[in-house]
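1. what would the 3D arrangement of this be:
(one chain, ligands or ions: 1)
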Amino acid sequence: MDFSGKVVVITGASSGIGAACAAAFAQHSAALVLVGRNRPNLERVAQQCRELAGGEPLVICADVSVDADVERIVTDTVDKHGRIDVLVNNAGITSVGGLGGGVAALDAVMATNTRAPYLLAGLALPHLARSRGNVVNVSSCLSTKPNTMLMPYCMSKAALDMFTKCLALEAGPQGVRVNAVNPGPVRTEIFRRAGVSAADNERLYAGLEGALPLGRVADAAEVADLVVYLASARARSVTGACYPIDCGLLLGENTTI
Ligand SMILES: NC(=O)c1ccc[n+]([C@@H]2O[C@H](COP(=O)([O-])OP(=O)(O)OC[C@H]3O[C@@H](n4cnc5c(N)ncnc54)[C@H](OP(=O)(O)O)[C@@H]3O)[C@@H](O)[C@H]2O)c1
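-> Below you'll find the predicted structure:
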């Protein structure tokens, strides 16, 4: 898989799965555009990418829940590179709670996990059509597995899956593919950022490791490998697909995240 000359935009590249995607695309010689809010973390990831591949990533500090910032992601990328080949909509957050969490939690989660990919893909689509590029949305296996403690998150990812399929249908005739990956649990900062204590976070992942059919959770790098495959020419016939990478979570009755 060779991404030489290809421009790959990754949102949420400053941490977790997005940072792993940055490293993986760097190793396949992509020109990277790294998006996030935390500049020091973005610069750290950019430095790792330079060390891996020698390229010079474009770092864009942007909040994907702010429309003007999303517009800037596209204009800054096109100003520098003149093209977009791959968009990885990875930035995401969760709240912890069900209906009692209130509508503000739903609004915040939907703004980042669903509305931002919709807006960004729409702005990037003319450029993707020119390059016959593609979109990979980082969804979740919770898009199809209800969880009362992560209700807005599950809703946001169910919508993201449907967006993936609808956009694949709309953009296919322009030569643009659209797919999703649907990870199970991966050790990242996502629950800590939602207010889960370090001890509870550790208990959560340890419990999941024991309960999952494969007896382990996936690494961010494994999810990144799947993203890179879907974005590559090897997957040129794949569109509208939502790929679980969940160590068997969706198979089990007793595997509640
Ligand atoms: N970890 C899991 O178990 C798991 C499972 C299934 C799916 N996922 C999905 O994987 C994706 C990445 O999450 P992660 O697990 O890697 O979590 P993470 O370590 O918390 O990383 C989240 C990333 O999203 C960025 N982000 C969040 N809100 C943003 C905003 N408003 N604007 C710009 N960037 C924003 C963060 O960047 P800044 O801090 O720089 O803003 C960070 O780079 C998410 O879509 C998540 O739903 C994760």
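2. give the contact list for the residue positioned nearest the centre of the chain.
-> The centroid of the chain falls nearest to N90 when counting by CA atoms, centre = their mean (1.9 Å). Taking CB atoms under 8 Å, 6 or more residues apart in numbering as the criterion, N90 is in contact with 10-13, 17-18, 21, 138, 227. Bear in mind the C-beta positions are built from the backbone N, C-alpha and C, glycine included.
3. one more time with 7 Å
-> The contact partners of N90, taken as CB atoms under 7 Å, 6 or more residues apart in numbering, are 10-12, 17-18, 21, 138.
4. and the ligand, which of those contact it?
-> Restricting these to those touching the ligand (CB under 6 Å from any ligand atom) yields 11-12, 17-18, 138.
5. next step: those restricted to strands.
-> Judged by DSSP state E, those include 11, 138 as members of strands.
6. which one of the ones next to the ligand among the contacts of N90 is nearest V217?
-> The closest of the ones next to the ligand among the contacts of N90 to V217 turns out to be I17 (CB to CB; 12.3 Å).
7. what's the closest non-adjacent residue to the closest one?
-> Nearest residue to I17, sequence neighbours excluded (CB to CB, 6 or more residues apart in numbering): A220, at 4.7 Å.
8. what residues does the stretch 1-150 of the chain put near the ligand?
-> So the stretch 1-150 of the chain meets the ligand at 11-12, 14-18, 36-38, 41, 63-65, 90-93, 112, 138, 140 (CB under 6 Å from any ligand atom).
9. just the buried ones from those?
-> Buried members of those, scored by 16 or more other CB atoms under 10 Å, are 11-12, 14-18, 36-37, 41, 63-65, 90-93, 112, 138, 140.
10. what about these, which are in helices?
-> Judged by DSSP state H, helices contain the following of these: 16-18, 41.
11. quick check, nearest of those to D76?
-> Set against D76, the nearest of these by CB to CB is G18 (17.5 Å).
12. check contacts around that closest one.
-> If you count contacts by CB under 7 Å, 6+ apart, then G18 has 10-12, 90-91 around it.
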